[in-house]
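Q: please find the sequence and the predicted model below.
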Amino acid sequence: MINPKLIDLPKILDKRGNLSFFEYPNQLPFEIERTYWIYDVPGGEVRGSHAFKEQQEFIVALSGSFDVVIHDGKEEKRFSLNRSYHGLHIPKMFWRKLENFSTNSLALIVSDKTYDETDYIRDFEEFKRLADEK
Ligand code: TYD
């Protein structure tokens, strides 16, 4: 099983301002089908709280900070994202939620699939059952 992993992104330092990027296949392990972003999150709110049967994602804190809490059905692991040159790769079949958003944080998420509600597992007990079967 491939585990969620933090990936260091290139950082081009420049006194005019820094630049980072990711591209397939050098930093990103999949080709992008969809990009979305989460912003204006009120203090204390939690996003996500679901898993995907097939899609994988890559998450970057473009601005501010937030935590991505990952569950594999047995154990939980917390990744604190607070640098725009780090990305978190989440393979399919991991429960994940985003929380502890700082003021003005911006979460950029790219996925290898277009939006498909049938790919979501929104019930944690069902997720644990399915993860156990794997
Ligand atoms: P959802 O994935 O549940 O948000 P989060 O994981 O951040 O809590 O999506 C919220 C709503 O937005 C839901 O009605 C579906 C819609 N949506 C799209 O139409 N396209 C997308 O790419 C995404 C991610 C969500």
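A: Cool, got the structure.
Q: name the helix or strand for Arg78, please.
A: strand 76-81 (DSSP states H and E).
Q: got the CA coordinates for that strand in PDB?
A: The C-alpha trace of strand 76-81 is given here as PDB (Å, rounded to 0.1, in the frame of the first residue of the first chain):
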ATOM      1  CA  GLU A  76      -4.500   8.300  12.600                       C
ATOM      2  CA  LYS A  77      -1.700  10.600  11.500                       C
ATOM      3  CA  ARG A  78      -1.600  14.300  11.400                       C
ATOM      4  CA  PHE A  79       0.300  16.400   8.900                       C
ATOM      5  CA  SER A  80       0.600  20.100   9.600                       C
ATOM      6  CA  LEU A  81       0.900  22.000   6.300                       C
END
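Q: in its sheet, what does that strand sit against?
A: strand 66-71 (antiparallel) (DSSP bridges).
Q: is the strand it pairs with in proximity to the ligand?
A: No - Strand 66-71 does not reach the ligand (C-beta under 6 Å from any ligand atom); its nearest approach is 11.3 Å. All C-beta spots, glycine's among them, are computed from the backbone N, C-alpha and C.
Q: tell me, how many residues neighbour the closest residue to Lys5 other than its chain neighbours?
A: Take Lys5 and drop its neighbours on the chain: the residue closest to it by C-beta to C-beta, 6 or more residues apart in numbering is His89, 5.1 Å away. Using other C-beta atoms under 10 Å, His89 has 18 other residues around it.
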